[in-house]
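Let's see this in three dimensions:
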Amino acid sequence: METDKKTTEGRDAEILFSRSVKAGQRIYYIDVKQNRRGEMYLSITESKKMLNGTSEMPQVSFEKHKIFLFREDFAKFREALQEAFGFVANEQGESESRPDPEAPISLDMEF
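Okay, here's the model as predicted:
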């Protein structure tokens, strides 16, 4: 099974770059892919572990949500995220981040 290919709109889209962020019961996947015209874009996926069934027979499933972000929107998206991060920091102070030894990610968001 290939891990660097995913089906997108009926064709294989190669993942050119990938990072994951583990946050409690959620995992965020940030992938750089390329469309049919050769344009790179971000595919951001939130995967949340869901437990169904009974305690004797639990069933595990994953709920996934995706957004696609194209290069022409990076600056606007970065600005909005920085404003949102700033708002939360002003309202509630800086958070104590949980160290992730696998993939530390900076929120400086330099594009």
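
Go ahead and list the helix or strand containing the closest residue to residue 33 other than its chain neighbours.
Take residue 33 and drop its neighbours on the chain: the residue closest to it by C-beta to C-beta, 6 or more residues apart in numbering is residue 13, 4.7 Å away. From N, CA and C alone the C-beta is placed, and that goes for glycine too. According to DSSP states H and E, residue 13 maps onto strand 11-23.

From the contact counts, what lies against whichever helix or strand comes after that strand?
Later in the chain than strand 11-23, the nearest helix or strand by DSSP H and E is strand 26-34. Judged by 3 or more C-beta pairs under 8 Å, 6 or more residues apart in numbering; DSSP states H and E, strand 26-34 is in contact with strand 5-8, strand 11-23, strand 40-53.

could I have the one helix or strand residue 63 maps to exported to CSV, CA atoms only?
Secondary structure from DSSP H and E places residue 63 in strand 58-70. Extracted in CSV, the C-alpha atoms of strand 58-70 (Å, rounded to 0.1, in the frame of the first residue of the first chain):
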residue,chain,number,x,y,z
PRO,A,58,-16.8,-0.7,21.3
GLN,A,59,-16.6,0.3,17.6
VAL,A,60,-13.9,2.8,16.6
SER,A,61,-14.4,5.1,13.6
PHE,A,62,-12.8,8.3,12.5
GLU,A,63,-14.7,11.5,11.5
LYS,A,64,-12.8,13.5,9.0
HIS,A,65,-13.2,17.1,7.8
LYS,A,66,-11.0,18.7,5.0
ILE,A,67,-10.3,22.1,3.7
PHE,A,68,-8.3,23.0,0.6
LEU,A,69,-6.3,26.2,0.5
PHE,A,70,-4.7,27.5,-2.7
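
Does residue 26 have any beta-bridge partners, and if so which?
residue 23, residue 48 (DSSP bridges).

Please look at it and residue 45 and confirm they touch.
No - using C-beta atoms under 8 Å, residue 26 is not in contact with residue 45, being 10.3 Å away.
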